[in-house]
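1. predicted model and sequence follow; I will ask about them next.
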Amino acid sequence: MMRGFLMSRRNMLIGAAGLLLTAMLTIWGCGGGTSNYDNPTTSTSTTQTATALIQAADLKKWMDEGKINQTGGYDRVVVLEVSTETNYNGAHIPGAQYVNLTNDLTETRVEGPMSTAQLVPSGTKMDALIQRLGIDANTTIVFTSSEAEVGSPWNLTRGYTTFRYWGFPKNRLKVLDGGNKAWKAAGYSLTTTVPTITRSSYVVTPNNVNRVRTDLRASLTDMIAAVTAGTATNDFIDGRATSPAVPSPTTDLVDSTKYVVFEGLMKGGRAYSYANLIDATTKQFKSIADIKAGLNIPATATSVYTICRAGNIASALFFAIDGYAYYNEVESGAMKAVWYDGSWGQWGLLSNSAANGGKLVAATVWDTTLLTDSLSYNVGKTLTIAGTPTVLTTSHIINYATRLNNPEPSLANGNQLEEADAAYRSPVTVTTGGTASGSGGGC
């Protein structure tokens with residue numbers, strides 16, 4: 001009888017321990033405790049890496065372990081190839097899914113006095129994307145690009161930067177160094193087979209919690225305030241070219257046959273070509289030491305603003321700082337990268353000089369020409385168009401009058417995009433099983 005009692009008590013203890021373990025795992029999976037999706041530890045996750053830049057061997061290891069697109073599991077991995085559909089269909093990493101940079105990772109949105117193309121996607125668009133890709137609360141996301149496009153590193157980094165803005169922890173975001181080119185160079189095979197993906201119900205506001213990181217993105221209001229504040233603790237890096245102070249006229253983000261009003265650099269800013277970040281032959285990122293030496297970020301800079309034409313090159317600079325070369329400095333809070341996705345396609349339109357194609361009202365608070373170094377208007381410049389040297393007139397400057405808000409908002413009321421994103425809550429959906437999901441984020 002005593003033996004039976006002891007066995008019964010032993011079974012009760014085992015059952016209680018099992019219940020306790022289940023409860024702990026439930027809390028952990030929903031964001032509670034010290035080891036969760038936002039803060040996985042090496043004892044619970046096998047996809048943790050020193051920085052967000054991974055090598056082909058890392059991805060191959062996860063593939064061999066069955067993590068790519070696996071059903072369930074804490075360490076499932078999805079691979080997203082940001083490229084053209086033609087290049088993706090030609091050959092891609094086994095299990096990789098196709099993502100279009102413009103259609104999936106950008107959106108035309110209202111900010112400040114006007115609407116601007118190629119800005120960060122809204123919460124609604126992000127929810128649709130991550131559900132289509134099967135991303136859930138246990139997913140590590142790897143970004144790659146086709147072999148043909150790996151020389152344009154923003155195909156690797158625009159997704160990283162976008163997901164960072166929407167609150168995905170960077171220890172769950174990876175960039176494949178050298179993309180498909182490096183994968184192939186390592187001797188690994190490509191395929192034309194398109195994977196079948198089960199849609200998820202995960203959302204950008206899991207458990208109804210908005211995680212958007214507006215501090216990692218410069219709205220137009222933020223950018224004006226930062227440039228006005230100067231370079232005491234700010235650094236402004238323009239990645240378009242070695243010297244974008246005097247470039248060829250910048251094409252408009254909506255109509256590439258037209259040009260913005262003026263050129264230059266943010267006041268106090270400097271040029272540093274994105275091409276300096278990667279090796280010319282392998283197309284892989286240079287060493288941390290080389291990138292730090294090249295960027296030469298002042299020791300006093302706590303915020304480094306990255307700029308280009310349409311936010312793409314700026315995302316490569318953002319990743320080089322946030323996800324790679326300055327990973328530890330960012331983690332410690334000593335500095336942060338701030339992505340200006342509006343970039344020159346937005347900044348270069350903000351003028352009230354009608355003679356040069358500016359469309360803002362005469363007394364506008366949004367004119368950025370006084371915050372621009374090496375200012376030069378595009379009207380009067382000579383540019384070869386269709387093989388013919390042409391002097392630009394206002395007819396060559398984009399007429400963006402239809403994009404303007406009427407009346408113009410004040411600077412204090414011009415942060416419409418980020419205010420909308422911070423207020424966003426994902427709608428609750430219903431699964432085929434009839435249970436509510438969506439805002440629960442997989443919990």
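-> Happy to help now that I have it.

2. nearest spatial neighbour of the residue most central in space within the chain, chain-adjacent residues omitted?
-> Nearest residue to the geometric centre of the chain (Cα atoms, centre = their mean): residue 161, 1.8 Å. Leaving out its chain neighbours, the residue that sits closest to residue 161 by Cβ to Cβ, 6 or more residues apart in numbering is residue 315, at 4.0 Å. (Glycine included, C-beta is placed from N, CA and C.)

3. my read: the one you found touches residue 306, true?
-> Yes. Using Cβ atoms under 8 Å, residue 315 makes contact with residue 306 at a distance of 7.5 Å.

4. convert the host helix or strand of the residue nearest to residue 161 to CSV, retaining C-alpha atoms only.
-> Taking DSSP states H and E as the criterion, residue 315 maps to helix 312-319. Extracted in CSV, the C-alpha atoms of helix 312-319 (Å, rounded to 0.1, in the frame of the first residue of the first chain):
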residue,chain,number,x,y,z
ASN,A,312,17.0,52.1,-50.5
ILE,A,313,20.7,52.9,-50.4
ALA,A,314,20.0,54.6,-47.0
SER,A,315,18.8,51.1,-45.8
ALA,A,316,22.2,49.7,-46.7
LEU,A,317,23.9,52.3,-44.6
PHE,A,318,21.4,51.8,-41.8
PHE,A,319,22.1,48.0,-41.8
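
5. quick one: list the elements packing against it.
-> helix 154-165, strand 303-307, strand 336-339 (3 or more Cβ pairs under 8 Å, 6 or more residues apart in numbering; DSSP states H and E).

6. give the next helix or strand downstream of the last one.
-> Elements were assigned by DSSP H and E; along the chain past strand 336-339, the next helix or strand is helix 343-347.

7. how about that next one: buried residues?
-> Residues of helix 343-347 classed as buried by neighbour count (16 or more other Cβ atoms under 10 Å): 343, 344, 345, 346, 347.

8. extract the C-alpha trace of it and format it as CSV.
-> What follows is helix 343-347, C-alpha atoms only, in CSV (Å, rounded to 0.1, in the frame of the first residue of the first chain):
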residue,chain,number,x,y,z
SER,A,343,15.4,61.0,-48.6
TRP,A,344,16.2,63.3,-51.5
GLY,A,345,13.1,62.4,-53.5
GLN,A,346,11.2,64.1,-50.7
TRP,A,347,13.7,66.7,-49.5
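
9. quick check: mean pLDDT of it?
-> The average pLDDT for helix 343-347 rounds to 97.

10. from the chain's centre, how far out does that helix sit?
-> 17 Å (Cα atoms, centre = their mean, to the nearest Å).

11. ok, then the element right after that helix?
-> strand 372-377.

12. each with direction, which strands does that following strand pair with?
-> The strands that strand 372-377 pairs with in its sheet are strand 262-266 (antiparallel) (by DSSP bridges).

13. which pLDDT does the model give the residue nearest to residue 161?
-> 98.

14. next one: it from residue 326, what distance?
-> Counting by Cβ to Cβ, to the nearest Å, the separation of residue 315 from residue 326 is 15 Å.

15. so the helix holding residue 315 versus strand 303-307, what angle?
-> Between helix 312-319 and strand 303-307, the angle comes out at 150 degrees (axes from the mean of the first three to the mean of the last three Cα atoms, to 10 degrees).
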